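Asker: Next input, structure requested:
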Amino acid sequence: MTITESPAVARPRRRGRVVWTVLLWLSVVPAAVWLVGRTFGWEAGPSVQLLAFTPYVAIWTLVPLFLALVTQRWAAAAVAALVSLGFGMAVVPRGVVDGDKGPATGVELRVMTANLLFSSAEMSEVVRLVRENRVDVLAVQEFTPNGEAALRAEGLEALLPYHQLAPEFGASGSGLYSRFPFAEQAARRNDGGFQQAHATVQVPGAGAVYIESVHPLAPHSMDVVSGWSTDLREQVPAAGGIPKILMGDFNATLDHKQLRDVIATGYRDAAAAVGKGWIGTWGPYDGDPIPPVTIDHVLADERIGVKDLYVLVLQDSDHHALVAELTVPAA
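Answerer: Predicted structure coming up:
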């Protein structure tokens, strides 16, 4: 006698397999769409904010891949593998030291950027970080008149006596402080309404270097995405003229094509160059359980070498400070 599985038992098992298959595809397909959007720069509306969390999605794609392999859903496993590979190619390099970090010889220049959160950050901490890290040029964002007065009271101008300041109440103010004199200096208001202080810094033993404190509009709602995009598109390109450094709160990660387009003009992201591009610089947000994202950057002209970068806690700010050790061309 041949004993076969009863239909009553077989049907639930078939339904279970179908449910598993559907769930796997529901996990894989959205990730694939996310990857395509990230690759081709489909940055509109809520997707702009979501793209900032791409590294977390990249890690998550390993889950459906594992489940598809274990349950032998080979078609889903193949697609999941391709999606995971695509995400890996996008996000892994920023966590690995770059083989080309730019020129290793030249004049050392230490720069620091800090978003002061409406100047509510602890200003004594800002000055301490400048002093202990021997910072030569400091860029600040969300810089108010009160913040300017507090930094002066804490003795910042004794360390960095040259400055181009555009303080404003609210989030739009900006400033540059320098150990070295400026050949030219000014501030420009970007399309989003934020000031961006900039100057040509005369570094002893080196040629002039253009440095700007960057702060594009934040894409916090759909009606300001266009302004955010314009602000990034209008950042100073690296190509041509003297070497350049852009640093500040870019309100964009390396998963936003608009920022990648800025870098493609001839910059390198200092954090990614030294394998620290995964470190979050903004968050958590008022205690919300949202993981940090990397929206603060130091972009160094490819003619400038990157020796190292540090992500430092800035007390009473929702941003971390960045300190980059750079090598600028000798005169």
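Asker: Next one: the residue nearest to residue 242 when sequence neighbours are not counted relative to residue 63, how far apart?
Answerer: Closest residue to residue 242 apart from its sequence neighbours, by C-beta to C-beta, 6 or more residues apart in numbering: residue 208 at 5.0 Å. Yep, even glycine has a C-beta here, placed from its N, CA and C like the rest. From residue 208 over to residue 63 the distance is 51 Å, taken as C-beta to C-beta, to the nearest Å.
Asker: Mind checking which of the two has more residues around it?
Answerer: residue 208 (18 against 14; other C-beta atoms under 10 Å).
Asker: That one reaches residue 241, doesn't it?
Answerer: No: the pair residue 208 / residue 241 is not scored as a contact, 9.5 Å apart, by C-beta atoms under 8 Å.
Asker: hey, where'd the helices end up in the stretch 101-250 of the chain?
Answerer: 123-132, 145-153, 156-159, 225-233 (DSSP state H, counting those that start in this stretch).
Asker: for the longest helix along the chain, what is the average pLDDT?
Answerer: Counting by DSSP state H, the longest helix found in the chain is helix 7-40. Taken as a whole, helix 7-40 has a mean pLDDT of 79.
Asker: Check which element follows that helix along the chain.
Answerer: Per DSSP states H and E, helix 7-40 leads on to helix 46-51 as the next helix or strand towards the C-terminus.
Asker: rewinding a little: with distance to residue 320 and mean pLDDT added, can I get the helices of the stretch 101-250 of the chain in JSON lines?
Answerer: Formatted as JSON lines, those follow (distance: least, C-beta to C-beta, whole Å; pLDDT from 0 to 100):
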{"stretch": "helix 123-132", "distance to residue 320": "11", "mean pLDDT": "98"}
{"stretch": "helix 145-153", "distance to residue 320": "17", "mean pLDDT": "98"}
{"stretch": "helix 156-159", "distance to residue 320": "19", "mean pLDDT": "98"}
{"stretch": "helix 225-233", "distance to residue 320": "21", "mean pLDDT": "95"}
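Asker: closest one to residue 325 among these?
Answerer: Proximity to residue 325 (C-beta to C-beta) singles out helix 123-132 among the helices of the stretch 101-250 of the chain, at 13.5 Å.
Asker: Report the angle between that closest one and helix 145-153.
Answerer: On the basis of axes from the mean of the first three to the mean of the last three C-alpha atoms, to 10 degrees, helix 123-132 is oriented at 50 degrees to helix 145-153.
Asker: List the contacts of stretch 42-57.
Answerer: Applying C-beta atoms under 8 Å, 6 or more residues apart in numbering, the contact partners of stretch 42-57 are 31, 34, 36-38, 87, 90-91, 219-220, 222, 225, 228-229, 252-253, 255-258, 278, 291, 293, 295.
Asker: change it to 7 Å
Answerer: Stretch 42-57 is contacted by residues 31, 34, 37-38, 87, 91, 219, 222, 225, 228, 253, 255-258, 278, 291, 293, 295 when judged by C-beta atoms under 7 Å, 6 or more residues apart in numbering.
Asker: Mind giving me the PyMOL select for those residues, buried ones only?
Answerer: The buried residues among the contacts of stretch 42-57 can be selected in PyMOL (16 or more other C-beta atoms under 10 Å) with this line:
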select buried, resi 31+34+37+38+87+91+219+225+228+253+255+256+257+258+278+293+295
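Asker: Would you map out the domains in the chain?
Answerer: What automatic domain parsing lists as the domains of the chain is 7-94, 100-328.
Asker: for the ones you listed, which one ends up most surrounded?
Answerer: Highest mean neighbour count among these (mean count of other C-beta atoms under 10 Å): domain 100-328, with a mean of 20.
Asker: was I right about residue 102 contacting residue 307?
Answerer: No: the pair residue 102 and residue 307 fails to qualify as a contact (C-beta atoms under 7 Å) at a distance of 9.1 Å.
Asker: ok, the residue nearest to residue 242 to residue 52 distance?
Answerer: For residue 208, the distance to residue 52 - C-beta to C-beta - is 34 Å.
Asker: ok so, going back, the helices of the stretch 101-250 of the chain into a markdown table, with extra columns for distance to residue 186?
Answerer: Formatted as a markdown table, the helices of the stretch 101-250 of the chain follow (distance: least, C-beta to C-beta, whole Å):
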| stretch | distance to residue 186 |
| --- | --- |
| helix 123-132 | 23 |
| helix 145-153 | 17 |
| helix 156-159 | 19 |
| helix 225-233 | 17 |
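Asker: and residue 323, which of these is closest to it?
Answerer: The closest of those to residue 323 is helix 123-132. By C-beta to C-beta, the value is 7.1 Å.
Asker: For the closest one, name the packing helices and strands.
Answerer: Counting contacts by 3 or more C-beta pairs under 7 Å, 6 or more residues apart in numbering; DSSP states H and E, helix 123-132 packs against strand 107-115, helix 145-153, helix 156-159.
Asker: now do 8 Å
Answerer: strand 107-115, strand 137-141, helix 145-153, helix 156-159, strand 321-328 (3 or more C-beta pairs under 8 Å, 6 or more residues apart in numbering; DSSP states H and E).
Asker: Please name the residues that touch the residue nearest to residue 186 when sequence neighbours are not counted.
Answerer: Excluding the flanking residues, the one nearest residue 186 by C-beta to C-beta, 6+ apart is residue 198, at 6.3 Å. Counting by C-beta under 8 Å, 6+ apart, residue 198 makes contact with 164, 176, 185-188, 210-213, 236.
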